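Visitor: Dropping the sequence and predicted coords here.
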Amino acid sequence: MGSALSRFFGSMFSLRETPTEIRPMILWFDVHLMASFSCLILLDPSVQVRVYFIFYLALLTLPATFIVAFGNAHWMKAAFFCQLIRSLFIAFHNITYPILVASWTAVENRQAFQEASNEEIIFSSAGYGFLIFLLSTAASIFEPAKLYHICHLQRMLAEAPELADSDVEMDDVNDDTISETTDVSSFVDLGLTGKMNVV
């Protein structure tokens, strides 16, 4: 079990070599998050609160998603701050919303099952709130990895022009070396040809 968890979290934070590998993975994190939280509507006692949450979550998700898909190194800083705000918003939701669900469920159960004891009401409502907490945590499990990969993508894009310039310089050096070698070879060939003509 421990090795499986270590492999799972290790794959989340494993570095990718090119931006074309990082961008789809970050976008997949967003798809997983929005789909998971949308499915929680089926379990929520208050659908309106969940709809409002998904609406504001989408407002925080779309800018970062667009920047990750098409932005450069400078815009990745804005994507990082958008993602940081979204992560804090989700953390606040994951802490407070299960408490709201448990309280809401306790009130409804008290009205629906008046013959039930207080212990039964508390146990059932607390268990339901804890279930919402576990599902919300599972839905947002990739948030730290997304922050990490956005930082890695920003550094990679920032270093890309420098790498391109170094490649151009290496090509120029190789061209100069090849031309010098060609000139030396031509000079040697001419010298040998001249000696043969003299003989």
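Guide: Here it is on my side, so go on.

Visitor: Just the buried positions in the strand or helix carrying residue 35, please.
Guide: Using DSSP states H and E, residue 35 falls within helix 19-39. By neighbour count with 16 or more other Cβ atoms under 10 Å, helix 19-39 contains the buried residues 22-23, 25-26, 29-30, 32-34, 36-37. For the C-beta atoms, the positions are set from N, CA and C on the backbone; glycine is no exception.

Visitor: okay if I get these as JSON lines plus distance to residue 113 and pLDDT?
Guide: Listed next are those as JSON lines, based on distance: Cβ to Cβ, whole Å; pLDDT from 0 to 100:
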{"residue": "22", "distance to residue 113": "52", "pLDDT": "82"}
{"residue": "23", "distance to residue 113": "51", "pLDDT": "85"}
{"residue": "25", "distance to residue 113": "47", "pLDDT": "86"}
{"residue": "26", "distance to residue 113": "46", "pLDDT": "86"}
{"residue": "29", "distance to residue 113": "41", "pLDDT": "88"}
{"residue": "30", "distance to residue 113": "40", "pLDDT": "89"}
{"residue": "32", "distance to residue 113": "37", "pLDDT": "89"}
{"residue": "33", "distance to residue 113": "35", "pLDDT": "90"}
{"residue": "34", "distance to residue 113": "35", "pLDDT": "90"}
{"residue": "36", "distance to residue 113": "31", "pLDDT": "90"}
{"residue": "37", "distance to residue 113": "29", "pLDDT": "89"}
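
Visitor: tell me which of these is nearest to residue 156?
Guide: Distance to residue 156 across those (Cβ to Cβ) is lowest for residue 22, with 7.2 Å.

Visitor: which residues touch that closest one?
Guide: By Cβ atoms under 8 Å, 6 or more residues apart in numbering, the residues touching residue 22 are 16, 149, 152-153, 156.

Visitor: And the buried ones among those, selectable in PyMOL?
Guide: A single PyMOL command is used to select the members of the contacts of residue 22 judged buried by 16+ other Cβ under 10 Å:
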select buried, resi 16+149+152+153+156
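
Visitor: rewinding a little: heading C-terminal from the helix holding residue 35, find the next helix or strand.
Guide: Helix 19-39 is succeeded, C-terminally, by helix 47-70 (DSSP H and E).

Visitor: Now that following helix - C-alpha only, PDB.
Guide: C-alpha atoms of helix 47-70 as PDB (Å, rounded to 0.1, in the frame of the first residue of the first chain):
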ATOM      1  CA  VAL A  47     -27.600  21.900  -4.900                       C
ATOM      2  CA  GLN A  48     -27.700  25.800  -5.100                       C
ATOM      3  CA  VAL A  49     -24.600  26.100  -3.000                       C
ATOM      4  CA  ARG A  50     -22.700  23.600  -5.100                       C
ATOM      5  CA  VAL A  51     -23.700  25.400  -8.300                       C
ATOM      6  CA  TYR A  52     -22.400  28.700  -6.900                       C
ATOM      7  CA  PHE A  53     -19.200  27.000  -5.900                       C
ATOM      8  CA  ILE A  54     -18.600  25.500  -9.300                       C
ATOM      9  CA  PHE A  55     -19.400  28.800 -11.000                       C
ATOM     10  CA  TYR A  56     -16.800  30.700  -9.000                       C
ATOM     11  CA  LEU A  57     -14.400  27.800  -9.300                       C
ATOM     12  CA  ALA A  58     -14.700  28.000 -13.100                       C
ATOM     13  CA  LEU A  59     -14.000  31.700 -13.000                       C
ATOM     14  CA  LEU A  60     -10.700  31.000 -11.200                       C
ATOM     15  CA  THR A  61      -9.900  28.000 -13.500                       C
ATOM     16  CA  LEU A  62     -10.400  29.500 -17.000                       C
ATOM     17  CA  PRO A  63      -7.700  32.200 -16.900                       C
ATOM     18  CA  ALA A  64      -5.000  29.800 -15.600                       C
ATOM     19  CA  THR A  65      -6.100  27.100 -18.100                       C
ATOM     20  CA  PHE A  66      -5.900  29.600 -21.000                       C
ATOM     21  CA  ILE A  67      -2.500  30.800 -20.000                       C
ATOM     22  CA  VAL A  68      -1.100  27.300 -19.500                       C
ATOM     23  CA  ALA A  69      -2.300  26.300 -22.900                       C
ATOM     24  CA  PHE A  70      -1.100  29.400 -24.900                       C
END
